[in-house]
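Asks: dropping the sequence and predicted coords here.
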Amino acid sequence: MARKDYYNCELAPEVNSIVAAASAVLTNKNGDILLHKRRDNYQWSLIGGGMEYGESISQTILREIEEETGYKANIDKVIGIYSNPRHVIAYSDGEVRQQFSICFHCVIDGGNKKISNESIELRFFNRNEIETLEIHESQRTRIEDYYENRERAFIR
């Protein structure tokens with residue numbers, strides 16, 4: 001399913017959905033961040049996805065990590081809550097979603113790397129490498145918030 005992100009764009013279509021979602025700044029023991037190159041828009045992105053019925057938000061992110069990367073992880077902390085009503089995602093099936101996501105810092109704790117059907121590539125990047133990537137502004141904000149290393153979560 002194709003998607004188009006609208007970020008602070010007057011041409012965004014009218015929203016018809018809000019989905020609770022989780023994303024993760026997923027790091028290895030060296031502190032490098034694992035990103036995946038999305039199949040639907042070919043941009044580098046944090047790992048994450050929508051919450052399913054019957055699960056908590058912490059279960060959501062741990063499930064998404066394992067499904068999208070093959071790794072198991074532990075949650076370190078909440079980086080922030082992101083609910084910008086001017087970040088709209090239009091999907092080819094007609095859903096137009098307002099972004100709502102809780103972003104966690106998670107640390108890999110086992111498993112083996114595997115690429116899911118949502119991705120075309122998985123790679124670890126250090127901070128300098130991330131600065132050069134084609135990555136959506138909303139994802140970059142979360143990564144920058146992670147590097148600020150605040151005790152309290154951001155609410156954006």
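Replies: That came through fine.

Asks: any weak-confidence spans in this structure?
Replies: Within the chain, not a single segment meets pLDDT under 70.

Asks: what segments of it are helices?
Replies: Taking DSSP state H, the helices of the chain run over residues 57-69, 127-130, 137-148.

Asks: need those in TSV (columns: mean neighbour count).
Replies: C-beta coordinates here come from the backbone N, C-alpha and C atoms, glycine included. As requested, the helices of the chain are exported to TSV (neighbours: other Cβ atoms under 10 Å):
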stretch	mean neighbour count
helix 57-69	20
helix 127-130	13
helix 137-148	17
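
Asks: can you say which of those helices is nearest to Val25?
Replies: Of all these, helix 137-148 sits nearest to Val25, with 4.3 Å by Cβ to Cβ.

Asks: check which helices and strands that closest one is in contact with.
Replies: The contact analysis (3 or more Cβ pairs under 8 Å, 6 or more residues apart in numbering; DSSP states H and E) places helix 137-148 against strand 3-7, strand 21-27, strand 71-82, strand 101-111, helix 127-130.

Asks: contacting residues around the second one?
Replies: Read that as strand 21-27. 33-34, 46-51, 57, 60-61, 64-65, 69, 71, 73, 79, 99-108, 139, 142-143, 146 (Cβ atoms under 8 Å, 6 or more residues apart in numbering).

Asks: quick one: that strand to strand 71-82, angle?
Replies: Inter-element angle recorded for strand 21-27 and strand 71-82: 120 degrees (by axes from the mean of the first three to the mean of the last three Cα atoms, to 10 degrees).

Asks: each with direction, which strands does strand 21-27 pair with?
Replies: strand 33-38 (antiparallel), strand 47-50 (antiparallel), strand 101-111 (parallel) (DSSP bridges).

Asks: ok, which of those strands comes nearest Glu134?
Replies: Nearest of the strands paired with strand 21-27 to Glu134, taken as Cβ to Cβ: strand 33-38 at 8.9 Å.
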